[in-house]
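Participant: just coords:
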């Protein structure tokens, strides 16, 4: 039983990260109907910016203040980069077909990955510890450490914050309008370019937060870390119903747990742990064939 | 009879040309004229990439179904045929030893190609039937998912080396690689020019209208997907038997993306475009290697070869922004350009009718794309 709870906690940890990234996918897809392939790489950028801030500003000295500053700093930088990506790569191709934008997004993803490989080399870097890591044993032999607690707390706060922005602010209302119908929203006097840029900023900031948190948890960052995480987060967004905010969170948690359970219990039913990366895709294929609108999605649902 | 009269000289020229090329690549060379191993290897990879790009173009360019998992089918063909050659190849070589060394290994290679093509085609069918119900970006992400699942499954099969890689006898020479390259181009060209090709293009241009005109869209989509996978399998077989070593790392996302870049740069829906794209994408990194390294202050010495993937990505994005239909769009480049005035050649030589039609546009994006055409 203890192992089961331990696996559950580990699954929820990685699931929260997927959920944070999936939110960015789902927001952008809801508004532009674009799979932002580069989103996983923004998560990687977040981790690297956090690394730079931690090493060059705080000299790797752990403290709560350092953690908060690094987290917000990398979120802000990533938000700016997200807006720049939208402005210079996606906006010029927005009027073309969806395939054109999809290919542009793939190109953007490759560009970021290989630019970072070029600058920082492909060798993983070790991420400095920002808050001294301690293990807690809440019950039995179950262990939970500070990084995991941070992941739960920060992602929960960010998700609640996002929900607040979408449903209780003016720009959130504009986002909902744009996701409902871009052209009508424009006719109603909404500055759609601003709303789209804002959406990219929020999505990128959340992905960057995920990047810093996961870097803190794994102590390791590398330029291609966003590739798999991004794809899995996309699967999570589809699983929950793309365009649906609570769906993205649910999907992320489910994918994270499915993955952890395959690693933990897969051998018992003949699935080697190397299938970890295949699980998400198997789920994706099943979802798209059985219920393409996702668990919480439906055609009439309010989407952002 | 007239068919043979018309095509035999051309075929003979091609065979002689390939034979000479093949001799030039061997160590002895052709009457003293030979190319070094490096150039030979480059030519082989260009040929294999042409097979990959042309076959992917059939499904992506002509049928308008965006698949980004081509490397998965290449891997299936490569590993299936490699398993055959490693386990049964030597036995067959011994039993047909009277054909000489080249002859007997060629027999094995041909069987391997058949196996690779068939297994990849079956895999294409398995993947295609469920996936092709989806459209656009969902199809893209599902093909990507399938390709990755295929790779991970292969990685876990110990009979084909698993994570340590797989040694394969190097039975492929340039004669066969060139032959299959030309065969692929000819077959895909003929498919595109046939009734089936018209049906495929009609699906690309407007799926609903095609269906209304009596085109069985699902059937044609699956057929073109299966054919495309089979050729990817052949490319995999040739790669395996030339490279002599297989590792699942050769078939990651990046390989699929690379093939996409080839056809996107060349122009989706253009045969010649795909071929030129394949040549450019294979040669560009090698040409970048020739450039002298520059010394950036504060960063160190920069080699352009290290930047090749960055440059690819930039080319891809810039192509999409400034010329979304690729260099050639749906036009073909060939002798007809020289013979006829350009205005006239557009009507006859191009497949998709007017050039620069955005591929695979869908209903809700249509009103947005209409001004995209004028951008040319």
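Facilitator: Structure received. Note that the coordinates shown come from a computational prediction; the quantities given were computed from them, not determined experimentally.
Participant: Ramachandran coordinates for residue B:160?
Facilitator: Per-residue torsions, residue B:160: phi -110, psi 30 (degrees, to the nearest 10).
Participant: Let me know whether it touches residue B:167 as I believe.
Facilitator: No: contact between residue B:160 and residue B:167 fails when scored by CB atoms under 8 Å: they sit 10.4 Å apart. Heads up, the C-betas are built off the backbone N, CA and C, glycines and all.
Participant: Counting neighbours, go ahead and name the busier of these two.
Facilitator: residue B:160 (19 against 12; other CB atoms under 10 Å in any protein chain shown).
Participant: list the contacts for the more buried one?
Facilitator: B:79, B:82-83, B:154, B:166, B:246 (CB atoms under 8 Å, 6 or more residues apart in numbering or on different chains).
Participant: For the residues you listed, give me a markdown table that also has secondary structure and distance to residue B:90.
Facilitator: Formatted as a markdown table, the contacts of residue B:160 follow (DSSP: H, G, I helix; E, B strand; the rest coil; distance: CB to CB, whole Å):
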| residue | secondary structure | distance to residue B:90 |
| --- | --- | --- |
| B:79 | helix | 18 |
| B:82 | helix | 13 |
| B:83 | helix | 13 |
| B:154 | helix | 23 |
| B:166 | strand | 16 |
| B:246 | strand | 18 |
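Participant: Give me the buried subset of those.
Facilitator: B:79, B:82-83, B:154, B:166, B:246 (16 or more other CB atoms under 10 Å in any protein chain shown).
Participant: quick one: low-confidence parts of the stretch 101-250 of chain B?
Facilitator: The model of the stretch 101-250 of chain B has no residue with pLDDT under 70.
Participant: where do the helices sit along it?
Facilitator: In the stretch 101-250 of chain B, the helices defined using DSSP state H, counting those that start in this stretch lie at B:136-155, B:174-193, B:195-205, B:207-212, B:217-243.
Participant: out of these, deepest packed?
Facilitator: The highest mean neighbour count among the helices of the stretch 101-250 of chain B, using mean count of other CB atoms under 10 Å in any protein chain shown, belongs to helix B:217-243: a mean of 26.
Participant: picking that back up, mind checking which of the helices of the stretch 101-250 of chain B is nearest residue B:275?
Facilitator: Distance to residue B:275, taken as CB to CB, is lowest for helix B:174-193 among the helices of the stretch 101-250 of chain B, at 7.0 Å.
Participant: Return the distance of that closest one from the chain's centre.
Facilitator: Its chain's C-alpha centre and that of helix B:174-193 lie 11 Å apart, by CA atoms, centre = their mean, to the nearest Å.
Participant: Which other helices and strands does that helix contact?
Facilitator: Of the remaining helices and strands, those touching helix B:174-193 by 3 or more CB pairs under 8 Å, 6 or more residues apart in numbering or on different chains; DSSP states H and E are helix B:2-25, helix B:37-57, helix B:100-131, helix B:195-205, helix B:217-243, helix B:271-290.
Participant: Could you dump these into JSON lines with distance to residue A:72 added?
Facilitator: JSON lines is the format used below for the helices and strands packed on helix B:174-193 (distance: least, CB to CB, whole Å):
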{"stretch": "helix B:2-25", "distance to residue A:72": "60"}
{"stretch": "helix B:37-57", "distance to residue A:72": "44"}
{"stretch": "helix B:100-131", "distance to residue A:72": "42"}
{"stretch": "helix B:195-205", "distance to residue A:72": "47"}
{"stretch": "helix B:217-243", "distance to residue A:72": "47"}
{"stretch": "helix B:271-290", "distance to residue A:72": "39"}
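Participant: Could you identify which of those helices is most buried?
Facilitator: helix B:217-243 (a mean of 26).
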